[in-house]
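> below are the sequence and a predicted model for it; my questions follow.
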Amino acid sequence: MSRTIDVLTAGLETSVQELPGRIGFWEQGFPPSGPMDIWSFRQANLLVGNAPDTAALECQFVGPELRFSAPALVAVTGADMTPMVDGVPVESWTTLALEAGQTLTLGPALKGARAYVGVSGGIDIPPVLGSRATFHMAGVGGVEGHAIKAGQQLPLGQAAAGPRPGTRVAPEARPRIDGGREWTIEVVPGPNDDWLDEAGRARFLGADWKLTAKSNRTGFRLQGPAWSFSPLATDKRPEHGSDPSNILDHGYPFGAVNLAGQTPIILVNDGPSTGGFINPYTVITAAFWKLGQSRPGDIYRFRAVTVGEAQDLRRALDARCTTASLQPG
């Protein structure tokens, strides 16, 4: 008998994601995609006995209603969407044992922005260009290339033995998603930080930046003070373009703070690979979970770190995404 999930209601842009995402196709226009909060995503998988990078569901702002055709271990992590099983509240960050016919319902996010649903065996859809991750804008990966829809069935893979029901992620090993509206986001300078003058760099790191509603999985658009530029940006050859933020087309790093005129846009999971704007700073991968859990109107304050510090922060995050972070119920 096949194991499936029936989608009763879809929520807001609930999608299948996996790690590391779609690697090796960016030059053809296909970004990595994958979950925005890799910390919560990987812990959802660990709670149900999957490898941490297994395909699972990312739920944005409002969660879905899902009915299970067979017994399964299920875990909900990330944003607080007040999960319920058959109408009864259940704990997030905990291994749940659901029986055939039971329904998991996630509501609107009370804290954070994105919740993750891990299911024993993972979401077993065919990979496209090497990944099951959904790239919404091109209709690639996921279920028929897009967010899930009511009436669809999601096939599940073969489940391995998982943790006992009631197993939970230790509180100190979870990302801090407490409903606060201010975030410190770590960045490394470059690749084009020298196109800003000293005052411009100080202003970026010292100012409050508001996340606007004109944001999605391609880019997070910010609102804040004006930028100022060095002679590299104002006294340049014509092929670099007329605006100080213009530059000859070049590659964009994952997490680039892309400066379009006076508007900074953080290029996130579904962002472009190249273009003609400068990127003075780059958000480190260990800070992406904060982007994934922030909401329009939240305030970002940026903190510059070295490449070595960025690597240390990522190693610390990865260390929390192992079974050593699980506690028996």
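Sure thing, it's come through.
> where along the stretch 101-250 of the chain do the strands fall?
103-105, 111-119, 153-155, 168-169, 182-189, 209-211, 219-223, 246-251 (DSSP state E, counting those that start in this stretch).
> distance between the fourth one and the chain's centre?
Read it as strand 168-169. 20 Å (C-alpha atoms, centre = their mean, to the nearest Å).
> next: the second one.
When C-alpha coordinates are averaged (C-alpha atoms, centre = their mean), strand 111-119 and its chain have centres 10 Å apart.
> what is that strand packed up against?
Judged by 3 or more C-beta pairs under 8 Å, 6 or more residues apart in numbering; DSSP states H and E, strand 111-119 is in contact with helix 38-47, strand 56-60, strand 72-80, helix 288-293. Yep, even glycine has a C-beta here, placed from its N, CA and C like the rest.
> parallel or antiparallel, list what pairs with the helix or strand just after the last one.
Pointing back at helix 288-293 there. Following helix 288-293 in sequence order, the next helix or strand is strand 299-304 (DSSP states H and E). Sheet pairing for strand 299-304, assigned by DSSP bridges, gives strand 182-189 (parallel), strand 209-211 (antiparallel).
> avg pLDDT for stretch 254-266?
When pLDDT is averaged over stretch 254-266, the result is 96.
> may I see the buried residues of that stretch?
Within stretch 254-266, the residues scored as buried using 16 or more other C-beta atoms under 10 Å are 254-260, 263-266.
> for those, work out which two are farthest apart.
Taking C-beta to C-beta as the measure, those span a maximum distance of 19.5 Å, between Phe254 and Thr263.
> that older thread, may I see the strands of the stretch 101-250 of the chain organised as a markdown table, with distance to Cys321, mean pLDDT and mean neighbour count added?
What follows is those, written out as a markdown table (distance: least, C-beta to C-beta, whole Å; pLDDT from 0 to 100; neighbours: other C-beta atoms under 10 Å):
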| stretch | distance to Cys321 | mean pLDDT | mean neighbour count |
| --- | --- | --- | --- |
| strand 103-105 | 23 | 98 | 20 |
| strand 111-119 | 12 | 98 | 26 |
| strand 153-155 | 24 | 97 | 17 |
| strand 168-169 | 10 | 98 | 22 |
| strand 182-189 | 18 | 98 | 17 |
| strand 209-211 | 25 | 98 | 19 |
| strand 219-223 | 23 | 98 | 20 |
| strand 246-251 | 28 | 94 | 15 |
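> right, and these - which one's nearest Pro231?
Nearest to Pro231, of the strands of the stretch 101-250 of the chain and by C-beta to C-beta, is strand 246-251 at 13.9 Å.
> from Phe302, how far out is the residue lying closest to Pro296 once chain neighbours are set aside?
Of all residues not flanking Pro296 in the chain, Ala213 sits nearest, at 4.2 Å (C-beta to C-beta, 6 or more residues apart in numbering). Ala213 sits 20 Å away from Phe302, going by C-beta to C-beta, to the nearest Å.
> now Thr212
Using C-beta to C-beta, Thr212 is found at 16 Å from Phe302.
> so what's the closest residue to Ala79 other than its chain neighbours up against?
Spatial nearest neighbour of Ala79, excluding adjacent residues (C-beta to C-beta, 6+ apart): Gly112 at 3.1 Å. By C-beta atoms under 8 Å, 6 or more residues apart in numbering, the contact set of Gly112 is 78-80, 177, 179, 293, 295.
> which member of those residues is positioned nearest Pro225?
Arg295 (21.6 Å).
> burial count for the closest one?
17 (other C-beta atoms under 10 Å).
> contacting residues around it?
61, 109, 112-113, 181, 211.
> now mean neighbour count and mean pLDDT too, for the helices and strands packed on strand 111-119, in a markdown table please.
As requested, those are exported to a markdown table (neighbours: other C-beta atoms under 10 Å; pLDDT from 0 to 100):
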| stretch | mean neighbour count | mean pLDDT |
| --- | --- | --- |
| helix 38-47 | 28 | 98 |
| strand 56-60 | 27 | 98 |
| strand 72-80 | 26 | 98 |
| helix 288-293 | 24 | 98 |
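> any idea which of these gets closest to Val88?
Here strand 72-80 is closest among the helices and strands packed on strand 111-119 (C-beta to C-beta), at 13.7 Å.
> quickly list the domain ranges of the protein.
4-174, 182-319 (automatic domain parsing).
> return the most buried member of those domains.
Highest mean neighbour count of those: domain 4-174, a mean of 20 (counted as mean count of other C-beta atoms under 10 Å).
> what about it, how long is it end to end?
29 Å (C-alpha to C-alpha, to the nearest Å).
> right, I'll leave it there.
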